[in-house]
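Novice: what follows is a predicted protein model with its sequence.
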Protein chains: 2
Amino acid sequence: MNQDYIVPNNWSIIEEGFDADRVKSSESIFSIGNGAMGQRANFEEQYSGKTFQGSYVAGVYYPDKTRVGWWKNGYPEYFAKVLNAPNWIGINVTVNGEALDLATCKEVRNFRRELNMKEGWLSRSFEATLHNFIEVKVETKRFLSLDMDEVGAIEYNVTPLNNDAHIVFEPYVDAGITNEDSNWDDKFWNILSVNAEHDQAFIVSHTMKTNFHVCTAMQAQLSLNGKVLAENKTVNKTDSTVSFEYSSNVNKGDTLTITKFGGYTVDRNHDKNDLVSVAKKNLSKAVSLGFAKMLQQQKEAWAKIWDMADITIEGDIKAQQGIRFNIMQLNHTYIGTDARLNIGPKGFTGEKYGGSTYWDTEAYCIPFYMATKDQNVARNLLEYRYNHLEKAIENAEKLGFKNGAALYPMVTMNGEECHNEWEITFEEIHRNGAIAFAIFNYHRYTGDFSYIPDKGLEVLIAIARFWHQRATFSTHRNKYVILGVTGPNEYENNVNNNFYTNYIAQWCMNYTLEIIAKMKTEYASDLSRVLSKTNLSDSEMSEWKKVADNMFYPYSEKYQVYLQQDGFLDKELITVADLPKADRPINQTWSWDRILRSPYIKQADTLQGFYFFEDQFSLEELERHFDFYEPFTVHESSLSPCVHSIQAAKLGRMEQAYQFYLRTSRLDLDDYNHEVEEGLHITSMAGTWMSIVEGFGGMRVVDNKLSFVPKIPEQWEAYSFKINFRNQVLKISVGKNETKFAVEGGGSMDILVNGKEVTIKS
Amino acid sequence: MNQDYIVPNNWSIIEEGFDADRVKSSESIFSIGNGAMGQRANFEEQYSGKTFQGSYVAGVYYPDKTRVGWWKNGYPEYFAKVLNAPNWIGINVTVNGEALDLATCKEVRNFRRELNMKEGWLSRSFEATLHNFIEVKVETKRFLSLDMDEVGAIEYNVTPLNNDAHIVFEPYVDAGITNEDSNWDDKFWNILSVNAEHDQAFIVSHTMKTNFHVCTAMQAQLSLNGKVLAENKTVNKTDSTVSFEYSSNVNKGDTLTITKFGGYTVDRNHDKNDLVSVAKKNLSKAVSLGFAKMLQQQKEAWAKIWDMADITIEGDIKAQQGIRFNIMQLNHTYIGTDARLNIGPKGFTGEKYGGSTYWDTEAYCIPFYMATKDQNVARNLLEYRYNHLEKAIENAEKLGFKNGAALYPMVTMNGEECHNEWEITFEEIHRNGAIAFAIFNYHRYTGDFSYIPDKGLEVLIAIARFWHQRATFSTHRNKYVILGVTGPNEYENNVNNNFYTNYIAQWCMNYTLEIIAKMKTEYASDLSRVLSKTNLSDSEMSEWKKVADNMFYPYSEKYQVYLQQDGFLDKELITVADLPKADRPINQTWSWDRILRSPYIKQADTLQGFYFFEDQFSLEELERHFDFYEPFTVHESSLSPCVHSIQAAKLGRMEQAYQFYLRTSRLDLDDYNHEVEEGLHITSMAGTWMSIVEGFGGMRVVDNKLSFVPKIPEQWEAYSFKINFRNQVLKISVGKNETKFAVEGGGSMDILVNGKEVTIKS
């Protein structure tokens, strides 16, 4: 744990007291979003201290020219990254001619920030003394509307406390923004027009290269003690900004309020010539609803989300706060209504990882969305990859593969590979496996096979082809080997026979063959269509079978474990417990070669395979592998603790499972990895959800039924969650001594509890 | 072979006919240098076609901010690179108002370029028809003086052929130059002053950050038909250029000549306030000598070089031309008089590899300089590393090593690491071994032990410490292993137990212990000084011994060969002969992962170990390893063919040895690696020399005596070379049927010929 300032609270994230050193951390933690846009919790008023400004519009990205030290054949030309979008939240505030700026004012008192998770809004309040001795009280509230996902609203109140004061509000839109992580300081946006009309203002700009057109708009309204004031403003325009300036003399104790509505319209969703007119309508609608009514709608929309997705924990406020924070941020990032979108590892909370799609989606996020949303959301995520299949085939061709083999990119916005470290881009190929596994997982969970004949089979065939071609025959071992890979544990590069990779490769080939066999009888015409489209022959399939049946796995007879890769036992096997504390996290203190030759594991690797394919290993095997690998695991990936929490719970090691749970659920709140300033770890938040539902709850799908093996950490009195399973909602409440199940809304459900079949009624 | 336009000639490199597509290639091949400065063969007159401009001043570099895609802990902050220096060779030529430009004129006839290797000059001649229908004949000659190494001279003649013409010469100095390979388009030079005085002009500039001050100067003289014309010129100055403009009306058939002297003075060699005055004196001296006299001195200086360094080959003009080209370019690059300098892989012929020092110096260049120059030259090269020892220790500390362990940088200008690919920077650690080997090699060759107690032992201790710490104990194998390295074959990265690395590591520790044992009796006081300075204890030494005695080597019982690294046999062992031709060079057609998992070897790796430590392996072992590895070797490093040529000759495979010889000696002339435009492969040129002397001549040093096993390729009638050995010069002439030996300048020498002791008299 590297920070501890978030006030424990069941339903809110709260910061008390102003500390400039925490501003960037809080800007990440208090981020808000509505799936269509999102923003870091930057202050509305000017702030001259250290800050990381960020507003993001879903699906609007820029292909930034790749930067490398030494070019290698096959590197992608560009890295697609989410763009910092024009700022519409800004409101400059001047009091008696002095700018309000928390970095420079004489004193800040009673600073408080709250992210109300239940109702979906962010507020901030403080009292500040300026150098001109005026004391003001400031209270702000803002939210991004779930109902009108192109609009956000801000209410900004200033009350002079010790004197009458002349207050100027200057709400603005600023399109003169940049990305912090620009590779070449290229210009990402081109501004087309800056306009003000009545009390609305618009900047239309488009991204360079990708040519996304975005209208950033605002409308403002001034009131005093709740009464709207007649408009009396100056309009200021520059090449990249537009602002309204409102001046008022305010008596001591009176409250001057600026209510600002703003947001984006994008040509991903509208004709580009309509962007301004749609924005006008949005703003007018927002103004006519008013801030209070919109806020009310926001609360109702969030109530719906919580009704399905909430997890309650009794007796452990920090654990409760953590899980709700995770669930809320997942919903800020991705709601599942747009199949063109996906889940960036940092969501709308930072620039790192470019906002792009990683294997995190398939490996960690899909279970959460399947269980807390309509199953179409998960299907949308699968279709995202189907829509990128052609590009994945092209990507594989660039690397020398043939005949329709696909290698999905490690990092992508539009299906093209973006990443440019050879050990990742070219070698972290296990990602292909997770994409196939998600198809299996979707079918296992939803029972909906229709996706597979419709689209999934083509993806599976292309992936099986890749593995078949990527494996090579070692005459030496008389087995197929997979050389030169990076497994999920990125603290090993270019290794041979990574257990996880070999295993998932074998599984992909076998699963595809199973699916084809099943379709021969049940979906013959779909099968023949796909076989003919993909030109897949029996002889190619029997080649797959040969490779799958003869895959090599490194194994230690001494330890009775599969080795993470060839040669793992040659390392100096010193456990993490014996590592000096000052050396950790090793990725911040050790050079890369030292990390690579150490036994330290960044995230579950062999154990990730045991998680995906748990039916294929005994509990004893799991225990042996857990005991062998976990002591070498440094969990320096956000994706590590959740899988370990689930495995520990399965092994009945509840204290360990609980510690891993805390680490995953409060990873960002407590900044375990010393990097929360860069943004939140959104995709691992789905892992947090899994560690409760699959870990403590022991939920699995077994033979088309939900199955539970409920356990509870000693620290908790009770916990509960809901599962949307095949159009029924099951509520599970686990107490110290008993677990209750209930089907919501009528009907009954057969489930397994600790292996015994039970029928649950509503 | 990718080009074939160089006219075969014993003593000259000749190009006939103008081809714009060959300009960049010829700019590299016809490069000239004098150890203190060098330049690509750029045209003096304006050239608007594709060109790569380059002038370089020895030791003047710039630390360009590192560019990486993904930063890794321990990467150096900058990449020191040789700078393109201000241009002093330029002469704009205008004929009747039209600029002479070979890229745009109507016609070019009888274009001929010659690099006269015997005499050390570059000439060019052509006839051009301009768009104004004037035909001119141009003849130029230039050289960089060996005697006055801050000065070069150019004679530039223009003769109107079909009409009288108004000719303007504008010789200039241009400091507004850039590097092609700048990482961030930073400005590398800052110009301090631009001045003209009488017929001399000076630009003083300094490099940013490193703050090297350089005065670039010129003086010009106009003459008609050989008679000096009275000065009548205009002076033009800009912020970054200074030029003189000479106008003359020239009758048809008359020859107008501009003679230009120019060059650099640098504060590496002079007080920075004296740069202009020294330059003035240099120019005045050059002018008073005159072009013809300076040229005469140049011929004499080159005659001295050739007297010692020449290798004659009879009956094979291309082979003859190749070896002289190699010897000449080595002398252009490094003469050995300045211990602060070293041998950049591209010398003064391009920007690639930053002009920095690599292990090439120790592994390939030192033998050439030991045998063809005074032995102090080799000692200077050793001292270069001694002077960098402290920085090598710091470098190792950055990577987690302790207690005075040193890791010499992969790439350096001033002792600090510059390279930033983790698999090279952190893992290609075998370079440390070559630096120790060079100390051994110097002593073996020269018999001069004094360097070791004086300086070498400290280097050896620091290197032994590194290897001791870098090896780890594998309980699994009950041996010491070296994990995560890149061997000389850079087509494998992050491998375990690379045979070459383990072997040279073991050798370094053993050799250092041997040296210490020897010094105990013979140099006790030096030893005690060094032991106390380095704080080396008996127990640390016995730890070294334990590691050295228990080093692991991967070995194949089946093939009876040491494996290049763990797991080599798991690869698909398809030989290069079975690779499609279109796939080669694989580094230009394959993605990196594909190269890495292939068995293909970029350059001698296991065989490099057999070359360094040949006494420790039998001829049968060499043959077995050669037959195992050579078929997988693609020789895509310039450093590969020479070692293979030597080994093939040793195995009596003369045809193969000859083919490898051609490939190394004509690597650039025939552009085997498709990259000559970027510059020449200077360091591999020393390998070419080795393939004749050590390969065909079979020269070794055995028990303080030169030993020869002379062989001759079928294609040759005879060849000869000279060897400077312990202050005596031996000439070796090998014919089809006999080999003659002669000691020059009196005295006698005991040598071994085919293992038999022989006394050679002069």
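Specialist: Good, I have the coordinates. Numbers count the residues shown, from 1 in each chain, chains lettered A, B, ... in the order given.

Novice: find the closest residue to chain B in the stretch 251-400 of chain A.
Specialist: Closest to chain B within the stretch 251-400 of chain A is A:Leu399: 4.5 Å, counting by CB to the nearest CB. All C-beta atoms are positioned from the backbone trio N, CA, C, and that covers glycine.

Novice: around chain B, which positions in the stretch 301-450 of chain A sit nearby?
Specialist: Near chain B, the residues belonging to the stretch 301-450 of chain A are A:Lys398, A:Leu399, A:Gly400, A:Asn420, A:Glu421, A:Trp422, A:Glu423, A:Phe426, A:Glu427 when assessed by CB under 8 Å from any CB of the partner chain.

Novice: returning to that earlier point: how much space separates the closest residue to the residue of the stretch 251-400 of chain A closest to chain B other than its chain neighbours from B:Asn494?
Specialist: Beyond its immediate neighbours in the sequence, the residue positioned closest to A:Leu399 (CB to CB, 6 or more residues apart in numbering or on different chains) is B:Ser591, lying 4.5 Å away. Shown here: B:Ser591 relative to B:Asn494, a distance of 17 Å by CB to CB, to the nearest Å.

Novice: can you check A:Val23 too?
Specialist: To B:Asn494, A:Val23 is 40 Å away according to CB to CB.

Novice: the more surrounded of those two?
Specialist: The residue with the greater number of neighbours, taking A:Val23 and B:Asn494 and applying other CB atoms under 10 Å in any protein chain shown, is B:Asn494; the counts read 24 against 21.

Novice: surely that one touches A:Gly567?
Specialist: No - contact criterion CB atoms under 8 Å: B:Asn494 and A:Gly567 do not qualify, at 11.0 Å.

Novice: common neighbours of those two, please.
Specialist: Both B:Asn494 and A:Gly567 are in contact with A:Val495, where contact means CB atoms under 8 Å, 6 or more residues apart in numbering or on different chains.

Novice: and A:Val250, how many neighbours?
Specialist: Burial measure for A:Val250: 20 neighbouring residues, criterion other CB under 10 Å.

Novice: got it, and A:Ala153?
Specialist: Summarising burial for A:Ala153: neighbours were counted as other CB under 10 Å, giving 25.

Novice: which single residue of the stretch 601-750 of chain A ends up nearest chain B?
Specialist: Closest point on the stretch 601-750 of chain A to chain B, by CB to the nearest CB, is A:Glu636, at 12.2 Å.

Novice: residues in contact with that residue?
Specialist: So A:Glu636 contacts A:Tyr491, A:Pro585, A:Ile586, A:Asn587, A:Lys602, A:Gln603, A:Asn673 (CB under 8 Å, 6+ apart).

Novice: what sits up against the helix or strand of chain A with the lowest mean pLDDT?
Specialist: Among the helical and strand segments of chain A, the one scoring lowest on mean pLDDT, DSSP states H and E is strand A:78-82, with a mean of 85. Residues outside strand A:78-82 that contact it (CB under 8 Å, 6+ apart) are A:56, A:60-67, A:179, A:181, A:183, A:344, A:348, A:351, A:354-356, A:411-414, A:416, A:418-420.

Novice: can you rerun that using 6 Å?
Specialist: Defining contact as CB atoms under 6 Å, 6 or more residues apart in numbering or on different chains, one finds that strand A:78-82 is touched by A:Tyr56, A:Tyr61, A:Pro63, A:Asp64, A:Lys65, A:Thr66, A:Gly354, A:Gly355, A:Met413, A:Cys418.

Novice: stretch A:579-597 too?
Specialist: Applying CB under 6 Å, 6+ apart, the set of residues contacting stretch A:579-597 from outside is A:Tyr491, A:Glu636, B:Lys72, B:Asn73, B:Gly74, B:Leu399, B:Gly400, B:Trp422, B:Phe426, B:Glu427, B:Leu483, B:Gly484.
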